[in-house]
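Asks: Following is a predicted model, sequence given first.
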Amino acid sequence: MKSVLELISEEVKEAFKAAGYDENLGNVSVSNRPDLCEYQCNGAMAGAKLYHKAPIMIAGEVAEKLAGSKIFEKVEAVAPGFLNMDIKGEWLAEYVAEEAGEDKFGLETLKKKKVIVDYGGPNVAKPLHVGHLRSAVIGESVKRICRYMGHDAIGDIHLGDWGLQMGLIISEVKERQPDLPYFDENYTGEYPKEAPFTISELEEIYPTASAKSKEDAAFKEKAMEATFKLQSGVRGYRALWDHIIRISVADLKRNYANLKVDFDLWKGESDVHDIIPGMVEYMKEGGYAHLDDGALVVDVKEETDTKEMPPCMILKSDGASLYNTTDLATIMDRVKNYNPDQIIYLTDKRQNLYFEQVFRCARKTKLVKPETELVHIGFGTVNGKDGKPFKTREGGVMRLEYLISDIEERMYERISENREMNEAEAKEIAKTVGLAAIKYGDLSNQASKDYIFDVDKFISSEGNTGPYILYTIVRIKSILKKYEEMGGSVADVSFKTPDNASSKDLMKELTGFAPMMKTAYDEVAPHKICAYIYGLSNAFNSFYHETRILAEEDEEKKKGYIALLLLTKDILETCIDILGFDAPDRM
Ligand code: ARG
């Protein structure tokens, strides 16, 4: 379905043409002076130079051609040469009615692409902390945007499950429990089903080992050796590793489920271990990789580069693979198993250069087809109110789990203050609203920017916040419920010509859904969805405050209002689902 702006522009272009001017002058935009008009066209200003004519004359001639238009209620040529336009309420209502009847509110979905979204990216055996929030939240939304646009999008968590941290854990376990069968090279029996540690022990083992390796060179040596043994398939080490993964993944699953983030694939760096040697061979044979100071590298510098572009290292001089190597092998694996048209990665923006190198290397070595799109979305840091990376009150790393439970707790207090509600329901609602507060607080910021994690602001029910959007939805739900209780049927309503400014404004906002979604997709920008639903919620709430909806005596008018409520609710609910949270029935 064509957008309102497209339809209006077509009409104005026709008028330019009919008046003898280039039709391309007829582009229309939403007015930047809503006090003067709804839409504007500045084409006559540009036309003045082309036709050596006063802009106001051109604008006047075009306005005349638009006099009988079915779309416009008012077209004015104003000095020095602008065209100011208002559209007819009747035409707008017809447009909105058509939009409401269309699949996806008139959004044209795209030719199906296979998209892999690589997000989350936690390292096993380490608790999720606030730094993991953005990748999970933005990635989930990006995946959902792709799906809404009609693509086949696969989310892959890409676990960090194969590096030195595994060797560190294994070495530390060995120091603490040297008699375990995993460390007995002569042991041939079955290994225990139960892991020799719990998740909370594991979460303590890793940081202890990591700290130890920084002070104790011998321990670090052992950890490197253990990593090597694990990677070369030593049976006991593999068995211990299996325990670490199983326990850690179970915990990660629980945490991501709490965030309503779900992955189709739980693959990790370890999954491509076996294909690395083949890939290295391929890169050598193809003449792509060469030795540089003992290390195997692929040059990725291009002549047009203005910034430093170091080569992409494939193997270190000791033959060990690197973070790059696994990412490249993962690309190879994904091409083979899924044949994606696009891969989107979400990480901290400090990895911008890294991904640039990896993408160039993948293209140069022809791991991907030239048309395969490789996209990296680098996001900014979550800061505290002091503008520094968010920390606990004691200055430690903030665990994601605690961050979420803190917000839930605050929401719970708020809800119990305002209302009589049984505890279980209040807890449930606090969870739903708390999650919306966090996710919206994050997603409403442009991804590449740092933002301040301001709990007081995020949980506020006023302003540009998740709870405000949810309040709006809940308000609509409750009016619709009352309407039905009063004997009305939501199946039997239809749009009416708007009878005041706020209902017309609301309708105009409602027409913005499809073009907004297209932009959010094209720019991989969930914050555009937030900005849109904030505007839509504001328009709805103005309408609500100025209109007696259920008390309206004219039944037909009332049906028109209910139709507006239904569409507003549908669009808001669709949007929050794409953002990755839900609304409760009451709050
Ligand atoms: N595990 C990595 C880290 O903690 C993030 C992985 C991001 N994804 C990727 N394909 N490199 O930094």
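Replies: Sure thing, it's come through.
Asks: can you give me the helices in the stretch 301-450 of the chain?
Replies: Counting by DSSP state H, counting those that start in this stretch, residue ranges of the helices within the stretch 301-450 of the chain are 323-338, 352-364, 400-418, 423-443.
Asks: Just say which of those helices is most tucked in.
Replies: Each of the helices of the stretch 301-450 of the chain was scored by mean neighbour count; the highest is helix 423-443, a mean of 22, by mean count of other CB atoms under 10 Å. Heads up, the C-betas are built off the backbone N, CA and C, glycines and all.
Asks: Kindly report the residues of the stretch 101-250 of the chain close to the ligand.
Replies: 118, 121, 123, 158, 160 (CB under 6 Å from any ligand atom).
Asks: got the helices of the stretch 301-450 of the chain as TSV, with distance to the ligand and mean pLDDT columns?
Replies: Shown next, in TSV, are the helices of the stretch 301-450 of the chain (distance: least, CB to the nearest ligand atom, whole Å; pLDDT from 0 to 100):
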stretch	distance to the ligand	mean pLDDT
helix 323-338	5	97
helix 352-364	8	97
helix 400-418	14	91
helix 423-443	18	96
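Asks: which stretches of the stretch 451-587 of the chain form helices?
Replies: Using DSSP H, counting those that start in this stretch, helices in the stretch 451-587 of the chain cover 455-458, 466-485, 501-510, 513-522, 526-546, 555-579.
Asks: of these, which approaches V75 most closely?
Replies: helix 501-510 (17.0 Å; CB to CB).
Asks: how much does that closest one deviate in direction from helix 526-546?
Replies: 160 degrees (axes from the mean of the first three to the mean of the last three CA atoms, to 10 degrees).
Asks: related to what we said a few turns ago, of the helices of the stretch 451-587 of the chain, which is nearest E356?
Replies: Nearest of these (CB to CB): helix 513-522, 20.9 Å.
Asks: who's in contact with that closest one?
Replies: Residues from elsewhere that reach helix 513-522, judged by CB atoms under 8 Å, 6 or more residues apart in numbering: 1, 3, 5, 99, 104-108, 145-146, 148-149, 525-526, 528-529, 532, 571, 574-575.
Asks: now swap in stretch 236-254 and tell me
Replies: By CB under 8 Å, 6+ apart, stretch 236-254 touches 122, 124-125, 127-128, 157, 159, 161, 166, 169-170, 173, 180-185, 187, 191, 195-199, 202, 226, 229-230, 266, 268.
Asks: quick one on the thing from earlier: which ChimeraX command selects the buried ones in the contacts of helix 513-522?
Replies: Of these, the buried ones go into a single ChimeraX selection, burial set by 16 or more other CB atoms under 10 Å:
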select :1,3,5,99,104,105,106,107,145,146,148,149,525,526,528,529,532,571,574,575
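Asks: What about R246, how many residues nearby?
Replies: Residues near R246, counting by other CB atoms under 10 Å, number 12.
Asks: And the strands in the protein, which stretches?
Replies: 29-30, 39-41, 72-78, 82-87, 114-118, 152-156, 289-292, 295-298, 312-315, 342-348, 373-379, 382-383, 451-452 (DSSP state E).
Asks: which residue lies farthest from the center of this structure?
Replies: Largest separation from the mean C-alpha position in the chain: N186, at 50.5 Å (CA atoms, centre = their mean).
Asks: coming back round to it: among the residues of the stretch 101-250 of the chain next to the ligand, which two are most distant?
Replies: Going by CB to CB, the pair spanning those furthest: D118 and N123, at 14.5 Å.
Asks: Could you check which of the two is surrounded by more residues?
Replies: The neighbour comparison of D118 against N123 (other CB under 10 Å) goes to D118, with 26 against 18.
Asks: Need the residues of the stretch 101-250 of the chain next to the ligand in JSON lines (columns: pLDDT).
Replies: Listed next are those as JSON lines, based on pLDDT from 0 to 100:
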{"residue": "D118", "pLDDT": "98"}
{"residue": "G121", "pLDDT": "96"}
{"residue": "N123", "pLDDT": "93"}
{"residue": "H158", "pLDDT": "98"}
{"residue": "G160", "pLDDT": "95"}
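Asks: wait, which of those residues is closest to A209?
Replies: Using CB to CB as the measure, the one of these that approaches A209 most closely is N123, at 13.1 Å.
Asks: pretty sure the closest one is touching H158, no?
Replies: No: the criterion here is CB atoms under 8 Å, and N123 misses it with H158 at 10.5 Å.
Asks: Enumerate the residues of the stretch 451-587 of the chain near the ligand.
Replies: Counting by CB under 6 Å from any ligand atom, no residue of the stretch 451-587 of the chain sits close to the ligand.
Asks: Report the closest residue of the stretch 451-587 of the chain relative to the ligand.
Replies: Closest to the ligand within the stretch 451-587 of the chain is V524: 15.9 Å, counting by CB to the nearest ligand atom.
Asks: what sits against that residue?
Replies: 142, 145, 344, 375, 377, 447.
Asks: Surely the fourth one is in contact with D341?
Replies: No: checked against CB under 8 Å, the pair V375 and D341 is beyond contact range at 11.2 Å.
Asks: Share the number of residues neighbouring A44, please.
Replies: 29.
Asks: Nearest residue to I429 in space, please, no chain neighbours.
Replies: Leaving aside its chain neighbours, I429 sits nearest to P584 (4.8 Å; criterion: CB to CB, 6 or more residues apart in numbering).
Asks: make that G512, sorry
Replies: G512 sits nearest to Y532 (CB to CB, 6+ apart), 6.3 Å away.
Asks: Pretty sure that neighbour sits against L572.
Replies: No: here Y532 does not reach L572: they are 9.7 Å apart, not a contact under CB under 8 Å.
Asks: Single out the residue in the stretch 1-150 of the chain that lies closest to the ligand.
Replies: G121 (3.0 Å).
Asks: Could you pull up the contacting residues of that residue?
Replies: 132, 135, 157-160, 346-347.
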